[in-house]
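Visitor: based on what follows, work out the 3D shape:
(one chain, ligands or ions: 2)
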Amino acid sequence: MNTHARGISSRWLFPGILAPVVLAVAAGVFLRATANSGAVRNLHLVFHDPRARAVTVVWNTPHRLERPVVRYHQVSGDDSAPCAHAAVAPEIEQPAVALRDTGSRDWRYRATLAGLEPGARYCYRIADSGGAIVDYRAFRSAVRPGEPFTVLAFGDSRQSKRHRNSPIRRSLADAIGREDLPHLTIFTGDMVDDGSSYRQWVQWFADFSPVFERSPLVPVYGNHEAKENKHEVVYYRFFPSPGGGRWFSLDYGNLHLVVLNTEVPYSASPWSMWQEQARWFAQDMERAAARPDILWRVVACHKPPYSTGHHAVEKDSRDVQRHLPPLFDAHGVDLVLSAHDHYYQRSYPLRNGRVTDRSASVYRNPRGVMYLVTAGAGAPLTHGAPAEWVAKYREAYHYCLIAFGPGRELVITATDINGDLIERVRIVK
Ligand SMILES: [Fe+2]
Ligand SMILES: [Fe+2]
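Guide: Ligands and ions are numbered 1, 2, ... in the order given. Down below sits the predicted model:
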């Protein structure tokens with residue numbers, strides 16, 4: 001269910017000195033929230049356009065809600081009184097398509113919380129005619145260009161018949177919850193084993209609910225969601241892309257983030273879809289290059305252009321290795337986030353397949369692309385072979401926090417499930 005908050009930092013739940021106020025209100029809704037346990041599922045936040053000063057709350061319920069409403073307000077460590085509450089009635093989609101392993105249809109709700117002050121902390125709460133059904137959840141609104149922010153990146157949490165991994169996922173969510181609340185979360189794909197299984201999706205959202213209910217999610221489409229693209233209708237129902245396409249970009253602060261789809265076949269038909277994605281990428285990056293407020297260019301794609309795991313020799317991975325790095329070199333990409341091989345592996349900055357900077361942890365104008373495989377969110381760990389371009393490797397469940405700014409630097413901190421540091425890396429421009 002979505003209303004638990006195992007081990008989550010009090011900063012995530014009750015930010016600032018408003019804690020007593022929020023606590024008192026939350027206590028009043030606790031019984032109702034408990035009584036409704038399981039009623040709300042798949043609750044998460046998304047930004048469709050971070051610069052539109054809005055965030056969208058999305059969830060499902062098995063029964064139609066009566067007069068649902070989402071209330072939200074700003075909270076501040078400097079201000080003991082909440083700003084005026086705003087309320088929005090969610091849009092209701094007609095009952096979701098009955099998915100393969102469900103006996104019922106779910107209702108799906110979306111509420112856009114608009115008019116957000118940039119770079120602020122907010123709380124939201126969902127209620128229906130009977131009272132609160134989700135008590136307060138904190139989140140951060142998008143920052144202005146130039147202001148510092150932190151992105152959580154992790155991925156590959158899929159289970160298997162022999163690998164039931166909810167305890168691992170929940171421990172990881174708890175470890176992330178002990179960090180400062182990230183502004184944004186990128187999940188690098190392979191969320192579930194079988195993208196057509198609604199039960200697996202419900203479990204995935206529940207296991208990571210402390211994260212996804214509080215940090216707007218940017219999902220990346222993996223091969224387990226795709227299953228040869230048979231199930232993409234399920235995935236895109238959960239995560240409709242901005243613009244409705246299979247690939248997209250968004251701007252957050254001074255970051256231009258591009259999400260590519262590596263599950264589009266390269267060599268067989270429709271090869272033209274890959275050419276279309278490559279053409280779109282070039283145009284998108286040219287537009288980003290023309291904007292002075294963009295400093296960082298990050299790409300997220302499920303299959304890694306550089307990786308030494310057992311997937312690396314497969315034909316579809318070799319296509320990714322061949323086709324993507326030249327595009328990234330040509331358009332000044334700083335960092336690529338991927339998954340697929342289940343470990344942590346980071347490259348030195350690379351250009352034309354060659355290392356441009358062999359520093360251990362600080363890279364000043366590296367003139368190359370750093371490739372990071374972050375695929376330790378619960379899928380069975382696998383092994384990566386050594387290579388001369390590998391700067392850091394760890395076979396561990398883990399997550400990454402990427403701090404953009406202050407100033408012209410980003411800092412990647414990779415931490416394992418026990419809270420132990422894997423590495424900290426700086427890129428300075
Ligand atoms: Fe994968
Ligand atoms: Fe995977």
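
Visitor: what packs against the longest helix seen in the chain?
Guide: Counting by DSSP state H, the longest helix found in the chain is helix 271-289. For helix 271-289, the packing partners by 3 or more Cβ pairs under 8 Å, 6 or more residues apart in numbering; DSSP states H and E come out as strand 248-252, strand 255-259, helix 315-330. To be clear about C-beta, it is placed using only N, CA and C from the backbone, and glycine gets the same treatment.

Visitor: quick one: distance of it to the chain centre.
Guide: Put simply, helix 271-289 sits 22 Å off its chain's centre (Cα atoms, centre = their mean, to the nearest Å).

Visitor: and it, what's buried?
Guide: Trp274, Gln277, Ala278, Trp280, Phe281, Asp284, Met285, Ala288 (16 or more other Cβ atoms under 10 Å).

Visitor: could you give me the average pLDDT of it?
Guide: Throughout helix 271-289, pLDDT has a mean value of 91.

Visitor: which residues touch the next helix or strand after that helix?
Guide: For helix 271-289, the succeeding helix or strand toward the C-terminus, using DSSP states H and E, is strand 296-300. Strand 296-300 is contacted by residues 153, 186, 188, 218, 220, 254-260, 285, 288, 328, 331-338, 404, 410 when judged by Cβ atoms under 8 Å, 6 or more residues apart in numbering.

Visitor: any idea how far strand 296-300 is from the chain center?
Guide: Worked out by Cα atoms, centre = their mean, strand 296-300 lies 13 Å from the chain centre.

Visitor: again with stretch 169-182
Guide: 13 Å.

Visitor: near ligand 1, which residues of the stretch 51-200 of the chain?
Guide: Taking Cβ under 5 Å from the ion as the criterion, the stretch 51-200 of the chain approaches ligand 1 at residues Asp190.

Visitor: list the contacts of the residue of the stretch 51-200 of the chain at minimum distance from ligand 1.
Guide: The nearest approach of the stretch 51-200 of the chain to ligand 1 comes at Asp190, 4.3 Å away (Cβ to the ion). Counting by Cβ under 8 Å, 6+ apart, Asp190 touches 155-158, 222-225, 302, 339-340, 375, 379.

Visitor: of those, the lowest pLDDT goes to which?
Guide: Glu225 (89).

Visitor: in the stretch 151-300 of the chain, which spans are helices?
Guide: 166-177, 198-207, 209-212, 223-226, 232-238, 271-289 (DSSP state H, counting those that start in this stretch).

Visitor: tabulate those (a markdown table), appending distance to Cys123.
Guide: Formatted as a markdown table, these follow (distance: least, Cβ to Cβ, whole Å):
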| stretch | distance to Cys123 |
| --- | --- |
| helix 166-177 | 16 |
| helix 198-207 | 20 |
| helix 209-212 | 15 |
| helix 223-226 | 31 |
| helix 232-238 | 24 |
| helix 271-289 | 33 |
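
Visitor: nearest to Asp194, of the contacts of Asp190?
Guide: Nearest to Asp194 among these: His224, at 7.0 Å, using Cβ to Cβ.

Visitor: surely the closest one meets Asp193?
Guide: Yes - using Cβ atoms under 8 Å, His224 is in contact with Asp193, at 5.7 Å.

Visitor: the more surrounded of the two?
Guide: His224 (24 against 19; other Cβ atoms under 10 Å).

Visitor: coming back round to it: would you format the helices and strands packed on helix 271-289 as CSV with mean pLDDT and mean neighbour count included?
Guide: Below are these laid out as CSV (pLDDT from 0 to 100; neighbours: other Cβ atoms under 10 Å):
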stretch, mean pLDDT, mean neighbour count
strand 248-252, 95, 20
strand 255-259, 97, 24
helix 315-330, 93, 17
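
Visitor: kindly reformat the ones you listed as CSV containing distance to Val58.
Guide: Shown next, in CSV, are the helices and strands packed on helix 271-289 (distance: least, Cβ to Cβ, whole Å):
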stretch, distance to Val58
strand 248-252, 16
strand 255-259, 17
helix 315-330, 30
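
Visitor: quick one, which of the ones you listed is nearest to Tyr72?
Guide: Once the helices and strands packed on helix 271-289 are compared by Cβ to Cβ, strand 248-252 is nearest, at 19.7 Å.

Visitor: and the longest strand along the chain, how far out from the chain's middle?
Guide: Of all segments of type strand in the chain, defined using DSSP state E, the longest is strand 131-140. Mean-position distance between strand 131-140 and its chain equals 20 Å (Cα atoms, centre = their mean).

Visitor: and it, what does it pack against?
Guide: By 3+ Cβ pairs under 8 Å, 6+ apart, strand 131-140 packs against helix 10-13, helix 19-35, strand 121-128.

Visitor: by mean pLDDT, show me the worst of those.
Guide: helix 19-35 - the lowest mean pLDDT of those, at a mean of 35.

Visitor: C-terminal to that one, what's the next element?
Guide: Assigned by DSSP H and E, the successor of helix 19-35 is strand 41-46.
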